[in-house]
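[1] pasting a predicted model and its sequence here:
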Amino acid sequence: MFRHKVCVIGLGRIGLPHALVSADSGNLVYGIDKNSWVIKTLIDKKTPFNEPAMKELLVKHLNTRFFVTADMNDIISKVDVIVICIGTRAEKRSDTSDLFRLVSELSKYDIKDKLIILRPTLPIGTTDLVRKTIEKLTGLLEGKHYFLVHSPERLVEGNAIEEERKLPKIIGAYNDEGFLRAKMYFKTIGGPIVRVSEPRVSEFIKLVDNAWRQLTFAFANDVAILAEYLGLDALEIIKAANYKYPRNQIPLPSYGVSGYCLTKDPYFLEESFEEIAKQRKFHSLWYYGRLTNDYMITHVRTLIDNLVNKYKHNIKPIKVVVLGLSYKNDVDDFRLSHGIDIVRILLQDAQFKISVYDPYLDLKHENPYTSLATDLRDSVVIESELNNAFLNKDVAILTVPHREFRELNKSGKIIQLIKLMRKPPIIIDGWNVFTKLYDCRNETGIIYWGVGRGLR
């Protein structure tokens with residue numbers, strides 16, 4: 001009746017879309033997550049985060065092809081495919097302890113003749129360590145008693161369901177049988193199948209994806225900082241440089257090159273580059289690119305200090321509203337976002353009173369993706385309505401271009417909201433969204449600073 005019987009461990013931004021697409025593709029899927037709130041939310045036929053078409057799949061397949069639980073007991077024995085989708089943590093160094101705790105737990109069950117698919121972003125060589133750990137704990141041999149492959153997820157939040165069906169599935173396997181089993185499973189999901197020579201290659205590919213992407217943004221951000229220093233307009237420079245010139249695809253600058261992948265993956269990749277860096281006495285390009293993007297937080301802080309000292313030196317406290325806490329526009333995910341980082345760096349200075357507004361903020365603080373961290377809840381004012389977000393504020397900082405903010409510019413309502421601020425209003429536009437403010441800045445007394453296009 002079912003093409004495969006599958007256990008998906010980790011029902012987060014990657015695991016849940018994968019599990020539901022897998023169920024919709026004719027597989028019987030058991031979803032496991034240790035977060036009881038996630039399990040309860042799914043049982044209630046609600047989704048813990050937003051993805052187009054995801055709720056429809058949940059309602060369609062829950063308790064028929066898709067079952068959820070917090071407990072692996074009695075599940076592993078029922079399946080032939082185990083898909084691991086838990087995340088890996090990082091500061092400047094990777095932390096795979098959660099993965100190896102799971103591997104140790106999984107090794108207590110009978111995994112003979114089962115296919116284990118690792119989908120997380122991993123430091124290069126982690127799959128090899130997982131194989132050695134399983135074999136040490138169980139005495140089973142990969143390729144003979146069980147099969148292990150690495151197949152990195154490459155989805156973008158906000159389009160995960162469609163991309164899971166269509167994107168190429170890179171498979172790093174140790175042997176033909178492991179690859180064929182993974183191929184047969186992923187053929188039910190959709191997308192081209194790409195075999196690479198070993199798991200280290202597939203791990204490397206995923207890290208290259210995000211290291212390259214954030215590096216291009218870092219280039220744009222350094223262009224922006226230099227343009228500000230020279231009193232030039234980075235947008236004019238970049239748009240003119242790109243115009244009908246096929247060898248340029250320079251992105252626009254921003255304060256928001258952050259999030260769960262772009263923030264940590266370059267550091268994962270740098271771990272494998274360390275010996276080369278020691279030999280040549282300097283780091284990789286992607287490492288410096290990540291430092292550039294992270295520096296934008298300090299850049300914002302310095303900019304605020306300069307503008308406040310010039311235009312608000314007699315006012316205490318300085319009331320600041322941070323507009324946007326997500327790492328990406330129109331996505332409900334605050335993890336490792338530069339909006340949160342900007343809040344934290346401003347809280348270090350007692351002269352600032354910080355308010356925050358984001359349309360995705362969970363005011364009940366239940367959702368792990370859109371709740372404020374416990375230490376921030378009593379330190380900031382949480383605004384639930386835009387008028388109050390601007391009312392009597394001295395500084396407004398846009399950190400992510402949500403649709404709601406873009407509509408403010410399109411409708412012209414941003415002009416009315418600025419009038420609610422204390423004069424002179426200081427606007428720091430980290431995505432150059434508020435073009436109407438930029439266009440009228442010299443006529444209205446607005447102190448407007450867009451990334452890459454400072455005061456004129």
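    Perfect, I can see it now.

[2] can you tell me the helix or strand for I171?
    Mapping I171 onto the secondary structure by DSSP states H and E places it in strand 169-173.

[3] on contacts alone, who are the packing partners of that strand?
    Packing partners of strand 169-173 (3 or more CB pairs under 8 Å, 6 or more residues apart in numbering; DSSP states H and E): strand 147-150, helix 176-189, strand 193-196, helix 199-230. The C-beta positions use only the backbone N, C-alpha and C, and glycine is treated the same way.

[4] so what's F352 bridging to?
    I318 (DSSP bridges).

[5] hey, which of the helices and strands packed on strand 169-173 is tucked in deepest?
    Greatest average neighbour count among these goes to strand 147-150 (a mean of 27), per mean count of other CB atoms under 10 Å.

[6] C-terminal to that strand, what's the next element?
    helix 160-166.

[7] and the strand holding I171, average pLDDT?
    What strand 169-173 shows for mean pLDDT is 98.

[8] how about residues contacting that strand?
    By CB atoms under 8 Å, 6 or more residues apart in numbering, the residues outside strand 169-173 that reach it are 127, 147, 149-152, 154, 179, 182-183, 186, 189, 191-203, 205-206.

[9] how about stretch 279-288?
    Here stretch 279-288 makes contact (CB under 8 Å, 6+ apart) with A211, W212, Q214, L215, A218, P266, Y267, L269, E270, F273, I276, A277.

[10] number of nearby residues for the closest residue to the fifth one other than its chain neighbours?
    The spatially closest residue to A218, leaving aside those adjacent along the chain, is G289, at 3.5 Å (CB to CB, 6 or more residues apart in numbering). Burial of G289 is recorded as 25 neighbouring residues (other CB atoms under 10 Å).

[11] contacting residues around G289?
    G289 touches A211, Q214, L215, F217, A218, F219, P266, counting by CB under 8 Å, 6+ apart.

[12] cool, I418 as well?
    With CB under 8 Å, 6+ apart, I418 has these contacts: F390, A396, P425, I427, L437, T444, I446.

[13] can you tell me which of the residues you listed are in helices?
    Judged by DSSP state H, helices contain the following of the contacts of I418: F390, L437, T444.

[14] give me the distance from stretch 393-403 to the chain's centre.
    19 Å (CA atoms, centre = their mean, to the nearest Å).

[15] and the end-to-end length of that stretch?
    End-to-end distance for stretch 393-403: 22 Å, by CA to CA, to the nearest Å.

[16] any idea whether the closest residue to G430 other than its chain neighbours is helix, strand or coil?
    Distance criterion CB to CB, 6+ apart; nearest residue to G430, sequence neighbours excluded, is Y255 at 3.3 Å. Y255 falls in the coil class when you classify it by DSSP: H, G, I helix; E, B strand; the rest coil.

[17] and Y255, what does it touch?
    M296, I297, H299, V300, H338, I342, T399, G430, W431, V451 are the contacts of Y255 under CB under 8 Å, 6+ apart.

[18] what about it, distance to K423?
    Using CB to CB, to the nearest Å, Y255 is found at 25 Å from K423.

[19] same thing with K78?
    Counting by CB to CB, the gap from K78 to K423 is 67 Å.

[20] and what of V223?
    32 Å.

[21] likewise Y288?
    Using CB to CB, we find Y288 at a distance of 41 Å from K423.

[22] repeat for H365
    35 Å.

[23] run a quick neighbour tally on E162.
    Residues lying near E162 (other CB under 10 Å) number 17.

[24] ok, it touching P52?
    Yes: between E162 and P52 there is a contact at 7.4 Å, judged by CB atoms under 8 Å.

[25] quick check: what element follows the one helix or strand in the chain whose mean pLDDT sits lowest along the chain?
    Lowest on mean pLDDT, DSSP states H and E among the helices and strands of the chain sits strand 89-90, with a mean of 70. For strand 89-90, the succeeding helix or strand toward the C-terminus, using DSSP H and E, is strand 94-95.

[26] strands along the stretch 351-456 of the chain, start to end?
    352-357, 381-382, 395-398, 426-429, 447-450 (DSSP state E, counting those that start in this stretch).

[27] out of those strands, which is the most enclosed?
    Most buried of the strands of the stretch 351-456 of the chain by mean neighbour count (mean count of other CB under 10 Å) is strand 395-398; its value is a mean of 26.

[28] packing partners for that one?
    helix 285-311, strand 318-323, strand 426-429.

[29] off-centre distance for the first one?
    Think helix 285-311. With CA atoms, centre = their mean, you get 20 Å for helix 285-311.

[30] okay, the angle between that helix and strand 318-323?
    Relative orientation of helix 285-311 versus strand 318-323 (axes from the mean of the first three to the mean of the last three CA atoms, to 10 degrees): 140 degrees.

[31] among the helices and strands packed on strand 169-173, which is nearest P17?
    helix 176-189 (10.5 Å; CB to CB).

[32] packing partners for the closest one?
    helix 15-24, strand 115-118, strand 147-150, strand 169-173, strand 193-196.

[33] what comes into contact with stretch 87-107?
    9-10, 12, 72, 76, 82, 84, 86, 116, 120-123, 126, 129-130, 133-134, 137-138, 260, 263-264, 267-268, 271.

[34] filter those residues down to the buried ones, ChimeraX style.
    To isolate the buried members of the contacts of stretch 87-107 in ChimeraX, using 16 or more other CB atoms under 10 Å:
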select :9,10,12,72,76,82,84,86,116,120,121,122,123,126,130,133,134,138,260,263,264,267,268
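
[35] export the contacts of I418 as CSV, with columns for distance to A350.
    Below are the contacts of I418 laid out as CSV (distance: CB to CB, whole Å):
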residue, distance to A350
F390, 23
A396, 20
P425, 22
I427, 23
L437, 29
T444, 31
I446, 27
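
[36] most neighbours out of the residues you listed, which is it?
    Highest neighbour count within the contacts of I418, by other CB under 10 Å: A396, with 25 neighbours.

[37] ok, that residue touching I428?
    Yes: with contact defined as CB under 8 Å, A396 reaches I428; the gap is 7.2 Å.

[38] now the strands for the stretch 1-150 of the chain?
    5-9, 28-32, 66-69, 81-84, 89-90, 94-95, 115-118, 147-150.

[39] right, and those strands - which one's nearest L347?
    Closest of the strands of the stretch 1-150 of the chain to L347 is strand 89-90, at 23.0 Å (criterion: CB to CB).

[40] buried ones in stretch 81-98, by neighbour count?
    V81, I82, V83, I84, C85, I86, G87, T88, A90, S94, T96.

[41] out of the ones in helices among the contacts of I418, which comes closest to L307?
    For the ones in helices among the contacts of I418, the closest approach to L307 (CB to CB) belongs to L437, at 14.4 Å.

[42] report the beta-bridge partners for the residue nearest to the closest one when sequence neighbours are not counted.
    Residue nearest to L437 in three dimensions, not counting chain neighbours: Y448, with 4.9 Å by CB to CB, 6+ apart. With DSSP bridges as the criterion, the beta-bridge partners of Y448 are I427.
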